[in-house]
Every structure is written in structure tokens, then in C-alpha cells.
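Participant: take this sequence and fold it.
(2 chains, ligands or ions: 1)
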Amino acid sequence: MNYGLHLGALWPSVRAGLLCEQKYGALLNNFAAADHVPEELELLNAADFISEAPQKAQQWQRSAAEGEAAGGCEEGTGEGRTVVQAGMVTQAETSPPLCTSISSKIKCYTFPRGDIMRFRPARPDALGLLDYYLMDAASLLPVLALSVQPDDFVLDLCAAPGGKTLALLQTGFCGHLAANDISISRTKRLHQILHSYVPKEVRETVSVTSYDGRVWDQVKGGTFDKVLVDVPCTTDRHSAMEEDNNIFHKRRTKERQMLPMLQLQLLMAGILATKPGGEVVYSTCSLSPLQNECVVERALDIAGSQFNINIHVEDLSHFRTLFQDTFSFFSDCRLGELVLPHLTANFGPMYFCKLRRV
Amino acid sequence: ARSSPALLLQPRLDPERREAAAAQLLLLGLSPALLRLPTERLRERAEELRRLGLDGGRLQRAVSRCPQLFHVPRKRLEAAVRLLRERCLFTAEQLREVLGTCPAVLLEEPRTLHHQFQYAYFRMGVRQKEMVKARLFRMPFAELRNRHIFLERRGLYETPHKGQTQTSNPKLKDIVQLPVKDFLASLALSTPEEYEVFKKLLAREEEEEEKEEEDVDAQYTEEDDDLDR
Ligand SMILES: C[S@@+](CC[C@H](N)C(=O)[O-])C[C@H]1O[C@@H](n2cnc3c(N)ncnc32)[C@H](O)[C@@H]1O
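Facilitator: Sure, this is the predicted structure:
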């Protein structure tokens, strides 16, 4: 796969990011008695990137607007400038509701840009629940994009080992959560995580299953408000060296060629499991457009032509504005959003795209 | 400045002239400690250095850049020279060039030099001729590695395969000699922020690899102990 072509001048930075230690975020466990943890983390200079995002975004918008105004006085108003200002206005108008749509109950601490500090391992509270879960902070973006509302029925189609499942539960809104994963051994890990982080009464609202996600629609068609389809993909972090490692490369080509098909089938199942009006978030940890935009485009096609289902692709560009300080976003996705690894903010890759079934 | 080698070889001086000489040496960037060396020793060392190829202006330049050349034990000089000739296979002419441009190699531990040579030769795929031209030994090893591995992870440097001579790799000369700002802008296509983070991450990687190796070593020793019992 030639990412150099696709990412152009960004590729050297992305490649270096992939080949260096990745950054983690600490997803706070709201179920644990760990009130002291935020203070502890703030002393180390970490901050909850989700709650601080709206304020930061507003500051940028304000200073950008001031810059614009000042620039306008000096240079007079050319046509290009007016267009830019019009863009600013729409952003300013749409952002307040968007800010509120970010579920603020999920808290995730990260160290600032360029800071390579690591988090200590999680610790249990008095009842044995761990205080936080360490994960790629970019993995929370698909969950935030899903924006679970009170009492939503939620399906996590490829759930194991369970980082995003745990984040979905942190919203406190899941009326019911179905967590599925085809791999029995990986669902064991999911069970372990639920046991270490979630009290019994909440665990009981989660049903863990091990179906092949591709046939999910036959099991329970069209009943969920929110569906997360976090598909298996080439984990570019682990395979960036493959270019240099030819044997490995060849051995896995077949499997790779099959991936987009599997991903498409899983996304279709996810769409079919959604109620009309419900929403699906498709996510991968791949940089490959073949596994990202192309899969979504094919799914839109098939949903329309074979199932007569109309789908609206939701605009998530505000994520780029909100979280630009924490993540390095790719600005040229045809559909959805992509977080690119970068040495100063070494999260991702993480692609996510939100679809609404109309 | 021309008078310096002669000055170094002055016979024993009376205190007044000695003070004046010390002041001269300081002006030339040399250590007045040289005056405390016996004349014979100075003469010998200058002779040795000349024999190594540091003749005329070269000797003067080398000594003013690196006055310690008069203080290191002879064994150390000889070891460094042997290493460069016999293990790194620099030709006599190349050796002269290396000594003229980086006299400090004569002060190095042979092990350190060898390490740096092997890194450039095997890991970076650079031949002796290019090393000499690049003034390889002027750059501290850690800095060389930082720059090289940075380029490599950015996909901008590939270790040439056996027998391959043509590559699109940047020239060693540029990697070694460009000021960091220009290195980042024109070779690494990167920002200073990224490079700063990279250096910290690489240092930590190394530290942990070393620690792992130590742990493995410790395990073996423990196992050996078990066997003994
Ligand atoms: C990227 S991982 C999911 C990570 C998880 N969502 C998390 O955040 O921890 C993809 C998962 O898809 C599962 N998977 C692969 N094929 C599947 C299928 N046909 N049906 C359901 N799950 C599948 C794999 O076992 C793997 O655990």
C-alpha cells in the first residue's frame, strides 16, 4: 500500500509517528471511587481533552476572527477574504449545538503536545474497580461521534477487547448495550475489562455475544438507536515496517485483500441493525482509503440499491476544529475524518465516519 | 600565530619569558600547561604527529583545535591510528585527511571510534571515501544516530543492499555538516518540534532496550548460579 502517494507531503511525518512509541490517553472510570485522580493527573500536566475542547475551540475562533478583522483593515476586502469570513460565520453558528452534542461524561486525560510522559498503570479503588483505562485517545472519537443519548439501545458489533465498549458505558446513557465479537478468546478479554471497571448492576445491562457480525441483521434487524462498527483492519502501527519486510508482506497480502469485503459486510450488517433515524459510526485504525472511504461509499450504494435504505453521511468536520490541539487530522478525506499519527501528538491512525439511516 | 610550533619547542624558559610565553599560548587558544611539559616530550610528540601526516600548517591547526594532543599518552594515539588503518581500512592518505580535519579522533577510545565507523559503514552503507569527505568523526555519535534514524523512520533513508552503490539517500556530508535547522528543512522535511520529541523518544527507547538486555543478562547469570548449585 503506497501511503506516500495518498498522504503526499504528510507521509514522512506519519511514517515516523507510526514507527515511534504511540501516545495513550487515560479514560477515567466514572464507576470507580477515584475522585483524587483528576487532581493527580493535572499535577502531571495532563488534561481532559474532551471537556477542554469547546473552550479552546472558541478561543481559536475568537482570535482567528480578530486576526481576520485586523487583516481586513490593513488589506482592504478582496473577494477571497469575504469567502473566508463567510466560512468563519457558518462555523461560529453551527458550533454551539455541536459543542453540547459532545458527551461530556466521557473524560480522557492526555499529556500536552510534545510531552512524552507516560501514565502509571491503573489502580483499583476500595471495591477493586480500576481508576482508568489506558487506550489510544483517538479511539474515543468514534464513540464521541456516536453521541449516545439517554436510554439509547446501542450495538457494539466488533467490541473486543472492549476499550470502546467501556467508553460507551461511561456515558451512563446506554439503555441497553449489546457487545459482540466473533472471537471467543477476545471476548474473554472483554469480560475481564467489564469485571475490572464496571459494577455488577451496570454489567447486567450489557449482553456479550460471539456471533459473526456479518449475520447480525438476521438476529435482530433494525432495533438499535446507535451502532458502532469498529472493524478489523490492517493495524498500520504494527505493519509500517512491512515495506522493508517482504516475506511478511507477501504472506499477508491475501488476508489484506479480503479485509475490505469483510469490512463492507460488517458495515452493512451494522446499517441493517439500525432503526430508521438511528445512527452508525464506522471506524478503523487504518490509513488506507480502501478500508475507509471506499468501504463507506460501497455501503451507501448497496444500502440504496439493494435494501432501499437511504443514508445520510453526517458532517463531522467540527471534530477537526474541536480537537485540533490534541490530534493531528487529515484534512482531505472524501468522507469521514482521519486522525494521523504525528510525533508531537502520536495518536491514531483512526478513521471514523458517521451515517444516519433516514 | 605562525610562531606557535616553534614556541612549543622552546628550551627551558626563565620565569619572565615563561609568563610571556604562557600569555601567547593562551592567545593562541592553547593551554599554558604545555609549558610544564619537558621540552624533549614536546619535541617527540610534534615529531610523532608529523609522522602521522600532520605536517606544516596541519600540525598547527590540529594542535590549536585540540591542544590535548600534547597530553594524551602515546599508546592512545597509536591505538587510534591502528584502529583507523587496520580495522576501518582507511588508506594512509585518507588517514592524513581524517587527522587533519578531525584531530580529536586521536584522543578517542578506539572502541568508540570503531563503533561510529561501523555504524556509518554497515548501518548507513557509507564507504571510507565518503566518510572522510563528510568529516564523519566531527559529529558526536549520538547526534549522527539521531539524524540518521530520524531520516530512516521518515522513509528518507534506506540502508543500501549488499553491492548496491547508487541510492537516493541524502549525502553523509549533508547529514553531518548541515546546521540542524537546515538539516530539518531540506533533508528531513520536518519541524524542530518533531525532532525534539523524536530525540526524547529515541533516548527512552534505547534506555529501555539496554535495560532489557541487562535484565536478560541478569537472568542468564541467575540461571548459571542455579546450575552451579
Ligand atoms: C479493531 S478490533 C475492535 C476493537 C474494539 N472495538 C475496542 O475498542 O477495544 C476488531 C474486532 O473485530 C472482530 N471481528 C473480526 N471479524 C468479525 C466478525 N465477522 N464479526 C464480529 N467481529 C469480528 C475481531 O475479533 C476484533 O476483536
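
Participant: and the pLDDT for the residue of chain A found nearest chain B?
Facilitator: In chain A, the residue that lies nearest chain B is A:Pro12 (3.8 Å; Cβ to the nearest Cβ). Placement of C-beta: from N, CA and C, glycine included. The score at A:Pro12 is 95. That number is its pLDDT.

Participant: contacts only, for B:Leu189.
Facilitator: Counting by Cβ atoms under 8 Å, 6 or more residues apart in numbering or on different chains, B:Leu189 makes contact with A:Ala9, A:Pro12, B:Arg154, B:Leu156.

Participant: setting aside sequence neighbours, what's the nearest residue to the first one?
Facilitator: Leaving aside its chain neighbours, A:Ala9 sits nearest to B:Leu189 (7.3 Å; criterion: Cβ to Cβ, 6 or more residues apart in numbering or on different chains).

Participant: is A:Leu300 in contact with A:His312, as I believe?
Facilitator: No. The pair A:Leu300 / A:His312 is not scored as a contact, 9.6 Å apart, by Cβ atoms under 8 Å.

Participant: neighbour count winner among those two?
Facilitator: When neighbours are counted by other Cβ atoms under 10 Å in any protein chain shown, A:Leu300 comes out ahead of the other of A:Leu300 and A:His312, with 19 against 12.

Participant: next SSE downstream of the strand or helix carrying that one?
Facilitator: In this structure, A:Leu300 sits in helix A:293-307 according to DSSP states H and E. Moving toward the C-terminus from helix A:293-307, the next helix or strand (DSSP H and E) is strand A:311-313.

Participant: identify the residues contacting that next one?
Facilitator: A:271, A:296, A:299-300, A:303-304, A:335-336, A:353-358.

Participant: cutoff 10 Å now
Facilitator: A:271, A:274, A:279-280, A:296-297, A:299-301, A:303-304, A:334-336, A:353-358 (Cβ atoms under 10 Å, 6 or more residues apart in numbering or on different chains).

Participant: cool, stretch B:161-170 as well?
Facilitator: B:124-127, B:147-148, B:151-152, B:156-160, B:175, B:178, B:183, B:186-188.

Participant: ok, stretch B:87-98 next?
Facilitator: Outside stretch B:87-98, the residues touching it (Cβ under 10 Å, 6+ apart) are B:52-55, B:58, B:80-85, B:99, B:105-106, B:110, B:113-114, B:116-118, B:120-121, B:127-129, B:131-133, B:135-138.

Participant: pull out the buried members of those residues.
Facilitator: Neighbour-count burial (16 or more other Cβ atoms under 10 Å in any protein chain shown) applied to the contacts of stretch B:87-98 gives B:52-54, B:58, B:80-81, B:83-84, B:99, B:105-106, B:110, B:113-114, B:116-117, B:120-121, B:128, B:131-133, B:135-137.

Participant: which ones, among those residues, also lie beside the ligand?
Facilitator: Subset of those in contact with the ligand: empty, counting by Cβ under 6 Å from any ligand atom.

Participant: sec struct for A:Val208, please.
Facilitator: The three-state assignment at A:Val208 reads strand, by DSSP: H, G, I helix; E, B strand; the rest coil.

Participant: for chain A, which spans come out with low pLDDT?
Facilitator: A:1-2, A:68-101, A:103, A:219-220, A:238-255 (pLDDT under 70).

Participant: hey, where'd the strands end up in it?
Facilitator: Remark: strands assigned in chain A by DSSP state E are A:25-28, A:47-48, A:108-110, A:132-135, A:152-156, A:174-180, A:206-209, A:224-230, A:274-284, A:311-313, A:328-330, A:337-340, A:350-357.

Participant: helices or strands next to the last one in the packing?
Facilitator: Using 3 or more Cβ pairs under 10 Å, 6 or more residues apart in numbering or on different chains; DSSP states H and E as the contact test, the elements touching strand A:350-357 are helix A:140-146, strand A:224-230, helix A:246-272, strand A:274-284, helix A:293-307, strand A:311-313, strand A:337-340.

Participant: for the stretch 1-150 of chain A, which residues are neighbours of the ligand?
Facilitator: Near the ligand, when you scan the stretch 1-150 of chain A using Cβ under 6 Å from any ligand atom, you find A:Ser139.

Participant: closest one to B:Phe70 among the helices and strands packed on strand A:350-357?
Facilitator: Nearest to B:Phe70, of all those, is helix A:246-272, at 54.1 Å by Cβ to Cβ.

Participant: A:Gly128 is in contact with A:Phe31, correct?
Facilitator: No. Counting by Cβ atoms under 10 Å, A:Gly128 is not a contact partner of A:Phe31; they are 11.3 Å apart.

Participant: out of these two, which sits in the more crowded spot?
Facilitator: The residue with more neighbours, out of A:Phe31 and A:Gly128, is A:Phe31; 21 against 9, by other Cβ under 10 Å.

Participant: quick one: the more buried one from A:Leu134, how far?
Facilitator: Per Cβ to Cβ, to the nearest Å, A:Phe31 is found 16 Å from A:Leu134.

Participant: same question for A:Gln170.
Facilitator: To A:Leu134, A:Gln170 is 14 Å away according to Cβ to Cβ.

Participant: near chain B, which residues of the stretch 251-358 of chain A show up?
Facilitator: Proximity of the stretch 251-358 of chain A to chain B, by Cβ under 10 Å from any Cβ of the partner chain, involves residues A:His342, A:Leu343, A:Thr344, A:Ala345, A:Asn346.

Participant: tabulate those in CSV, adding columns for distance to A:Pro150.
Facilitator: Output for these, formatted as CSV (distance: Cβ to Cβ, whole Å):
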residue, distance to A:Pro150
A:His342, 36
A:Leu343, 40
A:Thr344, 37
A:Ala345, 33
A:Asn346, 35
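
Participant: any chance of those residues in TSV, plus neighbour count and distance to A:Phe329?
Facilitator: Converted to TSV, these look like this (neighbours: other Cβ atoms under 10 Å in any protein chain shown; distance: Cβ to Cβ, whole Å):
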residue	neighbour count	distance to A:Phe329
A:His342	23	10
A:Leu343	30	15
A:Thr344	19	13
A:Ala345	27	10
A:Asn346	26	14
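
Participant: list just the nearest of the residues you listed to A:Ser196.
Facilitator: Among these, and counting by Cβ to Cβ, the member closest to A:Ser196 is A:Asn346, at 26.1 Å.

Participant: for that closest one, which non-adjacent residue is spatially closest?
Facilitator: Leaving aside its chain neighbours, A:Asn346 sits nearest to A:Lys23 (4.5 Å; criterion: Cβ to Cβ, 6+ apart).

Participant: that neighbour reaches A:Val339, doesn't it?
Facilitator: No. Using Cβ under 10 Å, A:Lys23 is not in contact with A:Val339; the gap is 11.3 Å.

Participant: list residues touching both of these two?
Facilitator: A:Asp136, A:Ala137, A:Ala138, A:Thr326, A:Phe327, A:Ala345, A:Phe347, A:Gly348.
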